[in-house]
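S.K.: coordinates only, sequence not included:
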């Protein structure tokens, strides 16, 4: 076998393979696809939150020559997210609502026309009659009329996590902190909305579905099942996808509708491009939670117990296939974060309402649960007269505690939190920020506050800790195929998907180094279920660990065959061969003996030269499953100025330090962290999907739903603690951690600056102003 | 309706309904799919193109309004010989893009910014680029890229 290559691409910020096409306007997004005889689809959506459908009349629309599909057409197809959890109430989601509608924006019909303009004209001619029912918007108010008959109280799932002796612990505590915290509904909002093109080949009974999805293999599996098709006859292609963040890890009724309509119109490609108004109405939302928190501390600030009651608004449907459990179970499992805790009780529930379904969004529940947990420390520190940093130091899981069994029985294998915190405090120059805070207080200048959050990101989950609440599938593994072509260049067919994370680049780096060829000699194909064997896709910060691990294992297998063949050709011992930059040499010799290209040519074109017992071809396929996961530690610290007159915050400095393990492409790692912090800041300060009491979304455009721009997001300082994880590449997932801190950091900074507790997010100027005003009235 | 315009230096003609947006005419009638639609209501900036040298939201403009105009899209940024525009090169070098969906609009806005504010500092860049939303990068790489392209331009060769 070869030794370590003397050169290599891992660890270097090589030029991304994706960028040439993306900066020149030659990306390949689903909506860029133009096919002969293509028709365009517009969905008609319910204008009311909760109602019985009493009449459907398509005659006027059909009279104009368009094709119309309604609930009756596909009433036998239903999306049913499944879980084996005992308390789970399974409910169904129709392709088009029939019988009743459960949220404003739910698709009730679709019109197929020559272009999108005519399809929308057609929608205006479809008449649907609604008989309104009382809507439920807030998950912690009892329903007048349940969303689903199967769940009269709207509770789709409830579970209590327990460890230790909670009541006794609280009885003996020196300090008990109690706060009710409410987090704001917001969403991933990738810049490319959802999109699909479906075409049905009736002769071969084959479906091709271009879909802007994070999970093409899951989509293939589910579409085949829902449409009763052989899985091999369904091809799902996710070309360039313009951001995902979890929103596109869901199979939506619109996706299924597109495929069903295509089957009803053989040979006619159907295209749907979602617009932003539809996206805000009907793509998955997230983070609409309430945490009733109690925390027990002893007199020196040691956390003794947590008693929590968590309600998550899961919207109108149990999101397919992740279920209504995705947010509540994550909240209950990770609430205690990176802190030692023996006595824990958390009842979590997912409650249906007449709002858009909640689904996975970068960080799943933890931006909210980290906020809830850190709020306990901020309040306890204030009560005990401790520094916010000091109280966290006294409780955080340290390397000597690892492996640490959390009260939810997850096993933390990191322990590098304090190291991240120390580095973050250095980078922000904590003593001088505190000194400036004091100076301003004394001088009566605009107050500043410091916010702190520590968090653990559970990444790269293997089969033992697989994502999702006991669903019918386990997402621990991915596959990769590596092929050295006859010219010596390498093509990789990877099961990973990319929505901006640069997986074509990272996988090429891994394979190049794993075989011993140059980065430029490797091309990576992703996002086509006909090309790659298997991959669950992008979620749970899993692909660097799992898809990367599969690429590494496969490259090693191909290298083994390459060297076997070379050893036969060179009449050398395979153990003496090394392959570096596409050239194979014998240990101890100055010059390489043969190139990878020459060996590859033999493998495909010169079978007469093949050594005895070696088959033609140079290809391998391998799977990888890390079995467990890799915890990634993180710490964020910010200094924030508050304008007492307006309540507006100005972030003066924002520091994040994470343990990403070994950084395969440092620039991509930093880009993931910066982007996720920006999304976290957006959720903490600006983004809020607001429903009125009738269930109408009142933030239906980007003029009302405020996404942060370059003017709002501050310069960020990103630092690293690189502790290799226990997997072949030593990597930890880095996609989500950044989102976990900002709620806690920014609410904590306001608390630190003004002494007011922010219990409801976002931390908007009006909320800060009102809290300040109330404080002044009390004073 | 007949619309005659110059797109990326070449004469173009489309026959469109009055309601057809410039974005749809560019993407669907002229096949220039580099111009992306992120919101279709003028906020996100992904569809930004230059119309007679000034940035415009192609989703808010009807194609008929561009009759007689000179339009530059992201496809027109490269040299005739295919070399990347300094901004394109800087976006690649500084990781100014991840998914690449907002990138065409960012590049067109930045191209206009560097033409009108040659010595723009980071604060100016952040203020001037605030009409374009990126969901991936946290803007750090974009500001780095625009700043670097501006500095490179200011440095005499």
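M.R.: Done, it's in. Just so it is clear, the structure is predicted and the values come from calculations on it, not from any experiment.
S.K.: specify the local secondary structure of whatever residue of chain B ends up closest to chain A.
M.R.: For chain B, the residue closest to chain A is residue B:34, as judged by CB to the nearest CB, at 2.0 Å. In short, each C-beta sits where N, CA and C put it, glycine included. Classification of residue B:34 by DSSP: H, G, I helix; E, B strand; the rest coil places it in coil.
S.K.: ok, it - contacts?
M.R.: A:24-27, B:73-75, B:104 (CB atoms under 8 Å, 6 or more residues apart in numbering or on different chains).
S.K.: give me the domain ranges for chain B.
M.R.: Annotated domains of chain B cover B:2-76, B:86-154 [automatic domain parsing].
S.K.: quick one: residue A:62 from residue A:328, how far?
M.R.: Distance of residue A:62 to residue A:328, computed by CB to CB, to the nearest Å: 44 Å.
S.K.: typed the wrong thing, it's residue A:442
M.R.: In this view, residue A:442 and residue A:328 are 46 Å apart by CB to CB.
S.K.: equivalent analysis for residue B:143, please.
M.R.: Residue B:143 is 38 Å from residue A:328, where distance means CB to CB.
S.K.: who has more neighbours out of the two?
M.R.: Neighbours per residue, other CB atoms under 10 Å in any protein chain shown: of residue B:143 and residue A:328, the larger number sits with residue A:328, 28 against 22.
S.K.: I'd guess that one is in a helix, am I close?
M.R.: Yes: the assignment for residue A:328 is a helix, going by three-state DSSP.
S.K.: help me confirm that it comes into contact with residue A:313.
M.R.: No: under the criterion of CB atoms under 8 Å, residue A:328 is not in contact with residue A:313, lying 10.1 Å apart.
S.K.: need the residues of the stretch 651-779 of chain A near chain B, please.
M.R.: Applying CB under 8 Å from any CB of the partner chain, we find that the stretch 651-779 of chain A lies next to chain B at A:667-668, A:670-671, A:674-679, A:701-703, A:707, A:709-713, A:715-716.
S.K.: just the buried ones from the residues you listed?
M.R.: Among those, those classed as buried by 16 or more other CB atoms under 10 Å in any protein chain shown are A:667-668, A:670-671, A:674-679, A:702, A:707, A:709-710, A:712-713, A:716.
S.K.: give me the low-pLDDT residue ranges for chain A?
M.R.: Along chain A, segments meeting pLDDT under 70 span A:1-6, A:467-468.
S.K.: repeat that for chain B.
M.R.: Applying pLDDT under 70 to chain B flags the ranges B:154-157.
S.K.: for it, just list every one of the strands.
M.R.: Counting by DSSP state E, chain B has these strands, from start to end: B:2-7, B:10-15, B:48-51, B:54-57, B:70-72.
S.K.: give me whichever of those is most buried.
M.R.: strand B:48-51 (a mean of 24; mean count of other CB atoms under 10 Å in any protein chain shown).
S.K.: any idea how far the residue nearest the centre of chain B lies from residue A:484?
M.R.: By CA atoms, centre = their mean, chain B has its centre lying nearest to residue B:108, at 2.4 Å. From residue B:108 over to residue A:484 the distance is 41 Å, taken as CB to CB.
S.K.: residue contacts, the residue lying closest to residue A:62 once chain neighbours are set aside?
M.R.: Of all residues not flanking residue A:62 in the chain, residue A:68 sits nearest, at 5.6 Å (CB to CB, 6 or more residues apart in numbering or on different chains). Listed by CB under 8 Å, 6+ apart, the contact set of residue A:68 reads A:58, A:61-62, A:109-112, A:122, A:126.
S.K.: at 10 Å instead, please
M.R.: A:44, A:56, A:58-62, A:109-113, A:122-123, A:125-126 (CB atoms under 10 Å, 6 or more residues apart in numbering or on different chains).
S.K.: flag every residue of the stretch 201-350 of chain A that's near chain B.
M.R.: A:212, A:240-245, A:273, A:275-280 (CB under 10 Å from any CB of the partner chain).
S.K.: closest residue of the stretch 151-300 of chain A to chain B?
M.R.: Relative to chain B, the nearest point of the stretch 151-300 of chain A is residue A:242 (3.0 Å; CB to the nearest CB).
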